[in-house]
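Asker: any chance you can model this:
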Amino acid sequence: MECLACHVTGWDPQEVVPFESGFRSPTMTPHLLGQQCENCHGPGSEHVKAELNFKKTFKATDPTLLKWRQKMHLDQTIAQSATGCYKCHDGDNSPKFEGKFLEYFKQIQHIGKD
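Answerer: Numbers count the residues shown, from 1 in each chain. Next comes the predicted model:
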């Protein structure tokens, strides 16, 4: 079970506890196998709803949309904290990650998308 926390979508990797809407099994939730947005950004159903509503109304200043965009934002400072990448990439699980944060972050950052 410990491996699942970092290698599927919808688990808290430090507590090894599934989110209510997270991965259950390969047959029950095959769409949540592997790394996806929620592994780093957290549960995103409300964010998706806000984005879909924005596309219908075209109000870029909608407070709900802005709130969820900010909540889902993951910049370098947050990513480098204990609640960011190091939730999974700790010394036990990812020993080669130590000291190479910037190198790896450049590979996954998506400026303007979060």
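
Asker: ok, now which ones touch Cys6?
Answerer: Residues near Cys6 by CB atoms under 8 Å, 6 or more residues apart in numbering: 13, 39, 87-88, 93. Backbone N, C-alpha and C define where each C-beta goes, glycine included.

Asker: how about 10 Å then?
Answerer: Shown in contact with Cys6 (CB atoms under 10 Å, 6 or more residues apart in numbering): 13, 16, 35, 39, 87-90, 93-94.

Asker: name only those of these that count as buried.
Answerer: Buried members of the contacts of Cys6, counted by 16 or more other CB atoms under 10 Å: 13, 39, 87-90, 93.

Asker: poorly predicted segments of this structure, please.
Answerer: Residue ranges of the chain with pLDDT under 70: 1, 58, 112-114.

Asker: helices - which of the contacts of Cys6 land there?
Answerer: In helices, defined here by DSSP state H, the members of those are Asn39.

Asker: returning to what we had before: quick check, nearest of the buried ones among the contacts of Cys6 to Phe105?
Answerer: Set against Phe105, the nearest of the buried ones among the contacts of Cys6 by CB to CB is His89 (10.6 Å).

Asker: need the nearest residue in space to that closest one, chain neighbours excluded.
Answerer: Excluding the flanking residues, the one nearest His89 by CB to CB, 6 or more residues apart in numbering is Phe97, at 4.1 Å.

Asker: the one you found reaches Lys87, doesn't it?
Answerer: No: at 11.7 Å, Phe97 and Lys87 do not qualify as touching, with contact defined as CB atoms under 10 Å.
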